[in-house]
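> model this:
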Amino acid sequence: MSNDEGMTKSQIDRMKSPIQLRHSSIGASFVIRHSCFVIFLAFALAIYGASPPSAKEILDSVRLLEARQQIDLDGQLRENEKAIPFHLTQTGSLIRYSFADPEEVLQLRLGENGSRLDLVTDAGAEKFPAEKLNKKIRGTGISYEDLALKFLYWENARVLGDETVRTRSCWKLQVVAPSRDSQYWNVLIWVDKASGALMRMEAYDWDGKLVKRFEVISAQKIDNRWFLKQMRVEELQPGTNKVQARTYLEIKR
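A predicted model of the protein is given here:
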């Protein structure tokens, strides 16, 4: 399978994170040896047949992996013939997306208990307006809320079981929004058992209908590290599996 079509087992095993939006990272306070050991042990026991880890342990492991990213790359959001370039930088828990024409700089900080999306201007960084989080970024299928990755912090979470995604054995989780501030009622998340990488996400509206699907399609090796190459985001007609629009988030060397 080529990089453009999917990822091999060795690729994902060696990836530090798919992104987010991969998209992304968590505060340095997570990078504590004891915590790493506890979470690694939970995954190891699950893989070898003991009781599966809790939803909290799995989500903690995802955030731990995200915290290790150091990125300075170009990317684009692509939908049909439209391509919107951006520059992506990440140092630990701080991720910055820089768009041009018109200029827009978004800064995402992922901490121990939540995430914060800021709009960066000449005057400094200001919290992104909550009432605009549901707005689409440059008219694509990705919203500002998607970029903020707030669903990784929703406390109402449970493990539904395990499933295979692109030949990978994954934990399947459900996280439920704490309030109607989110455009989503709940999100299903598939996490690779071996690497802790996010593989797929499905978002449901407040009527319980599937409205958006995110899936990592391919990865790439840059400076001996694995990074996201392409993620597909599909907007679905609510209550059906009919795709209304597809956006690709692509990271370039």
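> switch to C-alpha atoms for all contacts and neighbour counts from now on
Noted.
> what ranges do the helices span in this structure?
Ranges of helices in the chain, per DSSP state H, are 9-14, 33-47, 55-66, 144-148.
> Compare those and say which comes out lowest on pLDDT.
For the helices of the chain, the stretch scoring lowest in mean pLDDT is helix 33-47; its value is a mean of 44.
> For stretch 125-135, which outside residues touch it?
Contact with stretch 125-135 is made by Gln107, Arg116, Leu117, Asp118, Leu119, Val120, Ser143, Tyr144, Glu145, Ser182, Gln183, as judged by CA atoms under 8 Å, 6 or more residues apart in numbering.
> Can you say which of the residues you listed are buried?
Burial by neighbour count, judged by 16 or more other CA atoms under 10 Å, picks out Gln107, Leu117, Asp118, Leu119, Val120, Ser143, Tyr144, Glu145, Ser182, Gln183 from the contacts of stretch 125-135.
> Narrow the residues you listed to those in strands?
Taking DSSP state E as the definition of strands, those contribute Gln107, Leu117, Asp118, Leu119, Val120.
> Dig out what the fourth one forms beta bridges with.
Residues in a beta bridge with Leu119, per DSSP bridges, are Leu106, Glu126.
> Tell me the confidence at it?
97.
> which residues of the stretch 151-253 of the chain fall in strands?
In the stretch 151-253 of the chain, the strands defined using DSSP state E, counting those that start in this stretch lie at 156-165, 168-176, 186-192, 198-204, 210-222, 225-236, 243-252.
> looking at the ones you listed, which is buried most?
Comparing those by mean neighbour count (mean count of other CA atoms under 10 Å), strand 186-192 comes out on top with a mean of 24.
> Please name every helix or strand in contact with that one.
With contacts taken as 3 or more CA pairs under 8 Å, 6 or more residues apart in numbering; DSSP states H and E, strand 186-192 sits against strand 168-176, strand 198-204.
> Thank you, goodbye.
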